[in-house]
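Asks: sequence isn't available, so here's the structure alone:
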């Protein structure tokens, strides 16, 4: 997916993620994998967004040829998510602290293996070429 044709979907803009990220900023342990047992709202958010939790994703059988992208470094995953049309960083372009709670369900949903991506309404913003064409038409009519 090219970022020139569509804006990236931001993980932090999905319902509940910004609040969880804030909690991870305030309490570093919140971003650790063990936090899911202490804070059930993490799994509840993942299930609401993608239809599966990180534990569900871990137990999902991967198809043949799966590249284990969810096990790669955060930097590699951030770049790969961008290639797939997703921004998994904060406003300062740092990887989300809670990414480890959502990366596996998101990868499985993006690739159509398990779960689903959250609904996204079509943008009401005109594409750049439409705006440019409208501006050209206005200039032409003024001649």
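Replies: It's in. These numbers come from a predicted model, not from an experiment.
Asks: can you give me the first-to-last residue distance of stretch 9-17?
Replies: End-to-end distance for stretch 9-17, by Cα to Cα, to the nearest Å: 13 Å.
Asks: quick one: average pLDDT of that stretch?
Replies: Averaged across stretch 9-17, pLDDT comes to 95.
Asks: how about stretch 38-50?
Replies: The average pLDDT within stretch 38-50 is 96.
Asks: give me the distance between it and the centre of its chain.
Replies: 15 Å (Cα atoms, centre = their mean, to the nearest Å).
Asks: quick one: buried residues of it?
Replies: Within stretch 38-50, the residues scored as buried using 16 or more other Cβ atoms under 10 Å are 39, 42-43, 45-46, 49-50. C-betas here are computed from N, CA, C, even on glycine.
Asks: quick one, helices of this structure?
Replies: 17-26, 35-38, 40-50, 54-59, 74-83, 99-110, 128-142 (DSSP state H).
Asks: roughly how far out does the first one sit from the chain middle?
Replies: Just to be clear, that refers to helix 17-26. In terms of Cα atoms, centre = their mean, the centre of helix 17-26 is found 15 Å from the chain centre.
Asks: any stretches of the chain with poor pLDDT?
Replies: Per-residue confidence for the chain (pLDDT under 70) gives these ranges: 1-5, 121-132, 143.
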